[in-house]
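J.: Provide a 3D model corresponding to the input given below.
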Amino acid sequence: VPGYGDSPPVETVATAQGRVAFLDHVLQELSMQRPVLVSPSMSGRFALPFLLARGDQLSGFVPVAPVGTKDYTAEQYRQVQTPTLIIYGDRDARLGPQALQSLRHLPRHHVAVVPDAGHACYLDKPQDFHQALLGFLYKLQ
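T.: The predicted structure follows:
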């Protein structure tokens, strides 16, 4: 994502509104109609404001211990009707439970905890991660 890793800072994504516009543009360029947005860790800075502003454009949302969950109120989360799978590794003692504390206010959520996995649970236990993800996707059909 712009401004993270080795990518240079980008002024247009300095605000939540700019990040929503950026993600909206990406989805339009890819001609995606009602995708499921999977958001691990730092991508939460993009995905969470998009979910709150345009969650009706998504078929589902899968936050994987994302950052930025404390930036929004319980009431803001309660307004979102997008089906959500909150997923994190049971060895992620900090960000996973912290994200759950905020995201549990989403009215249409389910929780999957990946056993023996850390923050990057999709790398630590890919089979368990994919099993939880595919189960969620099948329920959306």
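J.: Please enumerate the strands of the protein.
T.: Secondary structure of the chain (DSSP state E): strands at 36-40, 60-64, 84-89, 109-114.
J.: Give me the contacts around the third one.
T.: What that stands for is strand 84-89. Contact partners of strand 84-89, identified using Cβ atoms under 8 Å, 6 or more residues apart in numbering, comprise 60-65, 95-97, 99-100, 103-104, 106, 108-114, 116-121, 124-125, 129, 132-133, 136. Every C-beta, even on glycine, is put in place using the N, C-alpha and C of the backbone.
J.: rerun that using 7 Å as the cut-off
T.: The contact list for strand 84-89 (Cβ atoms under 7 Å, 6 or more residues apart in numbering) reads 60-65, 96, 99-100, 103, 106, 108-114, 117-119, 121, 124, 132, 136.
J.: For that strand, list the C-alpha coordinates in PDB.
T.: Provided in PDB are the C-alpha atoms of strand 84-89 (Å, rounded to 0.1, in the frame of the first residue of the first chain):
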ATOM      1  CA  THR A  84     -17.200 -10.000   8.700                       C
ATOM      2  CA  LEU A  85     -14.800 -12.700   9.700                       C
ATOM      3  CA  ILE A  86     -12.400 -11.500  12.400                       C
ATOM      4  CA  ILE A  87      -9.400 -13.700  12.300                       C
ATOM      5  CA  TYR A  88      -6.100 -13.700  14.300                       C
ATOM      6  CA  GLY A  89      -3.500 -16.100  15.700                       C
END
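J.: Paired strands for that strand, with orientation please.
T.: Here strand 84-89 has these sheet partners by DSSP bridges: strand 60-64 (parallel), strand 109-114 (parallel).
J.: Most tightly packed of those?
T.: Scoring the strands paired with strand 84-89 by mean neighbour count under mean count of other Cβ atoms under 10 Å gives strand 60-64 as the most buried, with a mean of 25.
J.: Can you dump the C-alpha atoms of that strand in CSV for me?
T.: Coordinates of each C-alpha in strand 60-64 appear next as CSV, following Å, rounded to 0.1, in the frame of the first residue of the first chain:
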residue,chain,number,x,y,z
GLY,A,60,-17.6,-9.4,3.0
PHE,A,61,-14.7,-8.2,5.1
VAL,A,62,-11.9,-10.2,6.7
PRO,A,63,-9.7,-8.2,9.1
VAL,A,64,-6.6,-10.2,10.1
